[in-house]
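Visitor: Got a predicted model here, sequence first, then my questions.
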Amino acid sequence: MSDLETLPLAALHAELGAKMVPFAGYSMPVQYPAGVMAEHLHVRARAGLFDVSHMGQVILRGPDAALALERLVPADVAGLAEGRQRYGMLTLPDGGVADDLMFANRGDHLLLVVNGAMKHLDMEILTAGLPKQSVTLLDDRALLALQGPSAEAVLEAMVPGAAAMRFMDLRGFDWQGADLWISRSGYTGEDGFEISVPIEQAEEFARAVLDHGDVMPIGLGARDSLRLEAGLPLYGQDVTAETSPMEAGLTWAIQKVRRAGADRAGGFPGADVILRQLDQGTDRRRTGLLPEGRAPMRMGVMLYDSPEATAPCGTVTSGGFGPTVGAPIAMGYVPAGVVAGTTLYGDVRGKRLPVTVTDLPFYKPRYRR
């Protein structure tokens, strides 16, 4: 008997012929009959619908909720305008990252979206760190992502006004009596939307989106290759409790007001380590990697600075084939002084294969600013 949780749209995924796999404690669609390659390219050309209902949707209320959340994340929460969303991280006392998340200002409360595998641990962090706030993990809403160059036209036809949203806007809409919370954001490098919908209307809404000729259902396989091409890190692989925001290349997510010498500097877990690294740098950094040939280098491949070296200098954290790029691509950690264009060697089944350090992303995101 499986201990996996099921998605609200499990019956629809079965009807669509999805191959289901365990992920983040859920049975999740990894691909549909078209296959990962076709799904990936369809999102780049038109639009795809992803079921990401495993993610945690959290409501944070209470006195000075924004300033309170700043005690746990090194981001500017208090300065976020109503109707806007921002990326952030829950940090640890040693400077590592407990999880990454999105947070939005909805006027009288904050909406947080956290990773599915981490949502219960995140709730422990939030409730322990914010005792005067009300922290609620929602169990009555699904989460869908509509991504790709056709996403705007598809959603605007169903929800008039969605097209006027800017990147990282979040607004409420009505769709046939359903209270939708829509953000213009995503995890593919394409323009698109993430749509929180009440569970009881989720299947009807998903079917309406899929009825559009430009939209295909997309699984975890293409989601991973899309985000990898866009240089977007995955928590648990590219960002972990053992990596700091600076090592992970997430310095941009720490706004100036939270940095040393600013009005609301520090005050979050690991601030001394993180602010010191902002000033002095780190010993390693996350970077792009281009393996030579057609063989991909996947998570866990050790990197060496020569074919003969005995001690590794880095490691691959994500890797696979990039359908848009048309070649294997990877991300990983290398010494901070290693520059783009440097050749390293990945140990793949006992063979040292060349890989070139390169800048991220592999595919330039097409967000609507």
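Guide: Yep, it's here.

Visitor: And the average pLDDT for stretch 266-274 is what?
Guide: For stretch 266-274, mean pLDDT rounds to 98.

Visitor: end to end, how far does that stretch reach?
Guide: Distance between the boundary residues of stretch 266-274 (Cα to Cα, to the nearest Å) amounts to 9 Å.

Visitor: where are the low-confidence patches of this protein?
Guide: For the chain, the stretches with pLDDT under 70 are 1-2.

Visitor: Do a quick rundown of the strands in the stretch 251-369 of the chain.
Guide: Assigned by DSSP state E, counting those that start in this stretch, the stretch 251-369 of the chain shows strands spanning 284-291, 302-304, 314-322, 327-335, 343-348, 351-358.

Visitor: Give the pairing partners of the first one; include direction for each.
Guide: Which is strand 284-291. Sheet pairing of strand 284-291 (DSSP bridges) gives strand 327-335 (antiparallel), strand 351-358 (antiparallel).

Visitor: so which of the ones you listed is the most packed in?
Guide: Of all the strands paired with strand 284-291, strand 327-335 has the most neighbours on average by mean count of other Cβ atoms under 10 Å, namely a mean of 22. Backbone N, C-alpha and C define where each C-beta goes, glycine included.

Visitor: on that earlier part again, looking at the strands of the stretch 251-369 of the chain, which is closest to residue 199?
Guide: Between residue 199 and these, the tightest spacing by Cβ to Cβ is seen for strand 314-322, at 31.3 Å.

Visitor: Looking at the strands of the stretch 251-369 of the chain, which is nearest to residue 33?
Guide: So among the strands of the stretch 251-369 of the chain, strand 314-322 is nearest, using Cβ to Cβ, at 19.5 Å.

Visitor: Neighbouring strands of the closest one in the sheet, and parallel or not?
Guide: Counting by DSSP bridges, strand 314-322 is paired with strand 302-304 (antiparallel), strand 327-335 (antiparallel).

Visitor: Outline the domain layout of the protein.
Guide: Domain assignment of the chain by automatic domain parsing yields the ranges 5-51+139-229, 283-369.

Visitor: Would you mind reformatting these (as CSV) and adding columns for distance to residue 239 while you're at it?
Guide: Output for those, formatted as CSV (distance: least, Cβ to Cβ, whole Å):
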stretch, distance to residue 239
domain 5-51+139-229, 12
domain 283-369, 8
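
Visitor: any idea how far residue 42 is from the nearest residue to residue 221 once chain neighbours are set aside?
Guide: Once flanking residues are discounted, residue 221 sits nearest to residue 36: 3.8 Å by Cβ to Cβ, 6 or more residues apart in numbering. For residue 36, the distance to residue 42 (Cβ to Cβ, to the nearest Å) stands at 11 Å.

Visitor: Overlap of the contact sets of these two?
Guide: Common contacts of residue 36 and residue 42, defined by Cβ atoms under 8 Å, 6 or more residues apart in numbering, are absent altogether.

Visitor: Residue 260 contacts residue 277, correct?
Guide: No. Residue 260 is beyond contact range of residue 277, at 11.2 Å (criterion: Cβ atoms under 8 Å).

Visitor: more crowded one of these two?
Guide: Higher neighbour count among residue 260 and residue 277: residue 277, with 18 against 13, using other Cβ atoms under 10 Å.

Visitor: give me every residue that touches the spatially closest residue to that one that is not a sequence neighbour.
Guide: Closest residue in space to residue 277, ignoring its immediate chain neighbours: residue 246 at 4.2 Å, by Cβ to Cβ, 6+ apart. Counting by Cβ under 8 Å, 6+ apart, residue 246 makes contact with 274, 277-278, 281-282, 285.
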